[in-house]
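>>> No sequence on hand, only this structure:
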């Protein structure tokens, strides 16, 4: 059995009330960790957000009462959104500290960097994504998968149950729209 099928079956068992988190976590943890490690290359400066902390915070958002996932791909798409939320929350905290005149003391490890400079950019991006979501939620999901989870066009298509050509087209449109929001906002 492959990991995709294992995860889908474990998610279904979890939704049916079975206690399978001890089997599910090791499988999805590896992939979530890989995603978090990819993100670290996008945010390079002095302060870091621990990839382990990012994975743990995202995982906590993913598992809980009432969570429903159709498949591993659906789970990974939701994981991308959870990582977006964690990163945006971290960026907002950094901006708040900066506005309050506090020196940022974030001393975590494993190389996901969120600097004061790109914290502001992440917060602006979040506002732009909120605007885009009012127009096209699918484009926001594509941005989450591509930008926040570092997924390829093909992985994004699989996660969102759509074609690679649709992902490519919507990715291009989303980037243009986000650029306009960021430029005018």
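In hand now; what should we look at? Everything numeric in this text was worked out from a predicted model, so none of it was measured.

>>> State whether residue 141 and residue 79 are indeed in contact, as I suppose.
No - using Cβ atoms under 8 Å as the test, residue 141 is too far from residue 79 to be in contact (11.8 Å). Quick note: C-beta positions are derived from backbone N, CA and C, even for glycine.

>>> Of those two, give the one with the bigger neighbour count.
residue 79 (28 against 22; other Cβ atoms under 10 Å).

>>> Report the secondary structure element holding that one.
When secondary structure is defined using DSSP states H and E, the element that contains residue 79 is helix 72-99.

>>> Just list what that helix packs against, helices and strands only.
Using 3 or more Cβ pairs under 8 Å, 6 or more residues apart in numbering; DSSP states H and E as the contact definition, the elements that helix 72-99 packs against are helix 3-15, helix 21-39, helix 51-62, helix 116-135, helix 137-143, helix 153-159.

>>> Would you format the ones you listed as TSV with mean pLDDT included?
Written out in TSV, the entries for the helices and strands packed on helix 72-99 read as follows (pLDDT from 0 to 100):
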stretch	mean pLDDT
helix 3-15	83
helix 21-39	81
helix 51-62	80
helix 116-135	81
helix 137-143	92
helix 153-159	90
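
>>> Indicate which one of the ones you listed is closest to residue 175.
Set against residue 175 and scored by Cβ to Cβ, the helices and strands packed on helix 72-99 come closest in helix 137-143, at 8.1 Å.

>>> buried set for that closest one?
Neighbour-count burial for helix 137-143 flags 139, 140, 141, 142, 143 (criterion: 16 or more other Cβ atoms under 10 Å).

>>> you'd agree the fourth one is up against residue 156?
Yes - because the distance of 5.9 Å satisfies Cβ under 8 Å, residue 142 is recorded as touching residue 156.

>>> list residues touching both of those two?
Overlap of the contact sets of residue 142 and residue 156 (by Cβ atoms under 8 Å, 6 or more residues apart in numbering) consists of 167, 171.

>>> Would you convert the helices and strands packed on helix 72-99 into JSON lines that also reports distance to residue 96?
Rendered in JSON lines, the data for these read as follows (distance: least, Cβ to Cβ, whole Å):
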{"stretch": "helix 3-15", "distance to residue 96": "36"}
{"stretch": "helix 21-39", "distance to residue 96": "22"}
{"stretch": "helix 51-62", "distance to residue 96": "18"}
{"stretch": "helix 116-135", "distance to residue 96": "10"}
{"stretch": "helix 137-143", "distance to residue 96": "24"}
{"stretch": "helix 153-159", "distance to residue 96": "32"}
